[in-house]
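Trainee: Below is the structure, and that's it, no one-letter string:
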C-alpha cells in the first residue's frame with residue numbers, strides 16, 4: 001500500500017504554469033511522465049484520478065500537438081489502472097466532444 005503525501009495536484013499545477021511553447025516541450029513531457037507514474041499505481045484517491053483525467057483531456061484542446069501523445073498516454077495508463085473513476089470522466093468528455101461534431105450525411 002502507498003503512504004505519504006501525493007503531490008499529483010502540485011504536478012498538475014506546475015504543468016499548468018509552464019508556457020505552451022516549443023522550447024518547453026521537453027519540460028512539459030517530463031511533467032506528464034511524472035503524472036503517468038502516479039496514474040500507473042492504480043491507488044490514487046478518486047478525486048486525484050478525476051483531476052488527472054480532466055487535466056489530460058483539457059490538454060488535448062490546447063493547440064500544441066507535440067504534447068498530445070504524452071497526454072493520451074497518461075489517459076490510457078490511468079484508465080487501465082483505475083477504470084472506475086477515470087472512465088466515467090473520459091466517457092463524459094468523449095460524449096461532449098462527439099456532440100460538437102457535425103452530423104454525418
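Mentor: Everything's here; your move. What you see is a predicted model; the values in this text were computed from it and never measured.
Trainee: least trustworthy helix or strand in this structure by mean pLDDT?
Mentor: Least confident helix or strand, the chain: helix 83-100 with a mean of 80, by mean pLDDT, DSSP states H and E.
Trainee: Can you give the distance of it from its chain's centre?
Mentor: 13 Å (CA atoms, centre = their mean, to the nearest Å).
Trainee: Excluding covalently adjacent residues, which one is nearest to residue 20?
Mentor: Closest residue to residue 20 apart from its sequence neighbours, by CB to CB, 6 or more residues apart in numbering: residue 64 at 4.7 Å. From N, CA and C alone the C-beta is placed, and that goes for glycine too.
Trainee: Verify the stated contact: the one you found with residue 19.
Mentor: No. Assessed by CB atoms under 8 Å, residue 64 is found out of contact with residue 19, at 10.2 Å.
Trainee: between those two, who's got more neighbours?
Mentor: Using other CB atoms under 10 Å, the more surrounded residue of residue 64 and residue 19 is residue 64, with 13 against 8.
Trainee: do you know how far that one is from residue 72?
Mentor: 13 Å (CB to CB, to the nearest Å).
Trainee: for the residue nearest the centre of the chain, what are its contacts?
Mentor: What sits nearest the mean C-alpha location of the chain, by CA atoms, centre = their mean, is residue 56, with 2.5 Å. When contacts are counted by CB atoms under 8 Å, 6 or more residues apart in numbering, residue 56 touches 35, 71-72, 74-75, 78.
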